[in-house]
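Asker: Sequence plus predicted model, see below.
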Amino acid sequence: MSLTSLMRILLTRSFKPFEFRATYSNKLDYTKEEELGLYVHIPFCRSLCSFCPYCKVIYDECLAREYKNALLKEIEIVGKQSKSPKKVTSLYFGGGSPALMVKEFKDIIQTLKKYFIITQGIGVELHPDDITKANLEELKEAGVTMISVGIQSFHKQCLSALGRKEMDFGKLFSLIKEVDFEVVDVDLIFAIPQQTKEVLLADIEKAFFLGATQISTYPFIDFTFANNRYKPLPEKEKKMMLKAINDYCYDTGHVRTSVWTFAKPNKEKYSSITRDNFLGFGISATTLLKEQFKINTFSLEEYIKRIKNNQLPTSLTLDFSLRQRAVYYLFWQAYSMKIYPDEFARFFGLSLKKLFGFELWFCEKLGFIKTKNNYYQLTDKGAYYYHFIEQAYTTAYIDKMWHISRQIAFPEKIVLS
């Protein structure tokens, strides 16, 4: 039995797997949800990086125009289900390379603002090739307040292993400083084939020196459907590198804001994933509600076809049991290093200790968490084991789901056991 299967059985108190089915509804019951975020997926790229597992296609101007029209219509279909504008926390654009549609951002954001009141800012992922003064100014004018730059590494050999090229990073960050965003996140990958600890720490130092307000450090993962030339470093070396990142950031006065992110003190934080609920728009986007998890089709052609027929592009739906939803909630709470019992009780109407009292006691005895005044704090030891479990979860669940979804536009079901 795999680690993920064993943990699922123990935590949900059930042998029932996560079962996504092709049950369809043209309605998303989000109007009563609190702490709701928004996500928009822009799938277009100039070229396809082998290490990147996300849903993406080569940019084509005519196809992008057609996609924008479908995206706006999807927003309308969902937005009109609320009688009045709905308050949401944040809006996040991912991809792909979203800036390839930078001229469409104003229309997309204005359409969203017809139905949603965004209270905590707008973020967007940027490929380094897309960072120009004109693009940055257009994003700022459209309302973007946070950017995440997918540098991955500043080191020539590491960039080559990822199929990327060197560039003038100093000039790139000078442009970013001129436009002045509230948050500048820099994505870095660790455990890249042939990467050393010294190279990794030099990357982190350079990112903060050039103007990053935070860094997000993600492990190199070799998805089964990726076409990587190299294999990732062994888990032992990943562990060593994660510890090195942690030690370096603490020693230099940076704050650990999640398992993989570190920020300058007293700065706004940026995260695309730690939200209680969210609505996803676009190809492959996911929607998380209190009782359901939904996935849009990964087929661009079928996405556009569905929208033209005034139908939501939902491919699969998971109906959560109470414990399944609670486990999912805690998984991402733990990622942010803090678990608040009061927030859990408010969300589920049940005591955290009532549902997971033994697990909390056990994790505290193992040194994975410690009790603070009104929350549980993940320790550095706990953060490493979270990282280890997340890697297993990615391999067992995400890899399988994305692999099938890339091949079949509307699968009948996907069982994650």
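Answerer: Done, it's in. This structure is a prediction, so every number in the text was calculated from the model and none was measured.
Asker: Just the buried positions in the longest helix that the chain contains, please.
Answerer: Ordering each helix of the chain by length in residues (DSSP state H) puts helix 61-79 first. By neighbour count with 16 or more other C-beta atoms under 10 Å, helix 61-79 contains the buried residues 63-64, 67-68, 70-72, 74-75, 77-79. (C-beta placed from N, C-alpha, C; glycine too.)
Asker: chain center to that helix, what's the gap?
Answerer: 22 Å (C-alpha atoms, centre = their mean, to the nearest Å).
Asker: neighbouring contacts of the following helix or strand past it?
Answerer: Next helix or strand after helix 61-79 toward the C-terminus (DSSP states H and E): strand 86-88. Applying C-beta atoms under 8 Å, 6 or more residues apart in numbering, the set of residues contacting strand 86-88 from outside is 30-31, 36-38, 115-119, 279.
Asker: what about 6 Å?
Answerer: 36, 38, 116-118 (C-beta atoms under 6 Å, 6 or more residues apart in numbering).
Asker: again with stretch 124-140
Answerer: Here stretch 124-140 has contacts from 93-95, 97-99, 102, 144, 147-150, 172, 175, 179, using C-beta under 6 Å, 6+ apart.
Asker: cool, and stretch 215-235?
Answerer: 50-51, 53, 161, 185-193, 204, 207, 238, 245, 260-262, 394, 399, 403.
Asker: follow-up on the earlier one: can you list the buried residues of helix 61-79 in JSON lines and add distance to Asp251 and pLDDT?
Answerer: Formatted as JSON lines, those follow (distance: C-beta to C-beta, whole Å; pLDDT from 0 to 100):
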{"residue": "Leu63", "distance to Asp251": "48", "pLDDT": "95"}
{"residue": "Ala64", "distance to Asp251": "45", "pLDDT": "95"}
{"residue": "Tyr67", "distance to Asp251": "46", "pLDDT": "97"}
{"residue": "Lys68", "distance to Asp251": "46", "pLDDT": "97"}
{"residue": "Ala70", "distance to Asp251": "49", "pLDDT": "97"}
{"residue": "Leu71", "distance to Asp251": "44", "pLDDT": "98"}
{"residue": "Leu72", "distance to Asp251": "48", "pLDDT": "98"}
{"residue": "Glu74", "distance to Asp251": "47", "pLDDT": "98"}
{"residue": "Ile75", "distance to Asp251": "45", "pLDDT": "98"}
{"residue": "Ile77", "distance to Asp251": "51", "pLDDT": "97"}
{"residue": "Val78", "distance to Asp251": "46", "pLDDT": "97"}
{"residue": "Gly79", "distance to Asp251": "47", "pLDDT": "96"}
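Asker: Nearest to Gly211 among those?
Answerer: Ala64 (30.0 Å; C-beta to C-beta).
Asker: residues contacting the closest one?
Answerer: Per C-beta under 6 Å, 6+ apart, neighbours of Ala64: 44, 101.
Asker: and if we set it to 8 Å?
Answerer: If you count contacts by C-beta under 8 Å, 6+ apart, then Ala64 has 44, 100-101, 104 around it.
Asker: just Gly37 next, same as before
Answerer: Going by C-beta under 8 Å, 6+ apart, the list of residues near Gly37 reads 88-92, 275, 277-279.
Asker: so which strand or helix has it?
Answerer: Using DSSP H and E, Gly37 sits within strand 36-42.
Asker: mind checking how far the helix or strand that comes right after that strand is from the chain centre?
Answerer: Using DSSP H and E, the helix or strand that follows strand 36-42 in sequence is strand 44-45. Relative to its chain's centre, strand 44-45 lies at 18 Å (C-alpha atoms, centre = their mean).
Asker: in the chain, what spans have low per-residue confidence?
Answerer: 1, 226-227, 271-274 (pLDDT under 70).
Asker: which one of the contacts of Ala64 is nearest Pro17?
Answerer: After measuring the contacts of Ala64 against Pro17 - C-beta to C-beta - the closest member comes out as Phe44, at 34.3 Å.
Asker: thinking again about what came up before, now, among the contacts of Ala64, which is nearest to Ile283?
Answerer: Phe44 (10.2 Å).
Asker: what's around the closest residue to the closest one other than its chain neighbours, how many residues?
Answerer: Distances taken as C-beta to C-beta, 6 or more residues apart in numbering put Tyr59 closest to Phe44, at 4.1 Å, once the chain neighbours are dropped. A count of nearby residues for Tyr59, using other C-beta atoms under 10 Å, gives 17.
Asker: what about the helices in the stretch 201-350 of the chain?
Answerer: 235-251, 300-308, 322-335, 341-348 (DSSP state H, counting those that start in this stretch).
Asker: returning to what we had before: can you redo the buried residues of helix 61-79 as TSV with distance to Met7?
Answerer: As requested, those are exported to TSV (distance: C-beta to C-beta, whole Å):
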residue	distance to Met7
Leu63	41
Ala64	41
Tyr67	38
Lys68	41
Ala70	38
Leu71	36
Leu72	41
Glu74	35
Ile75	37
Ile77	37
Val78	33
Gly79	37
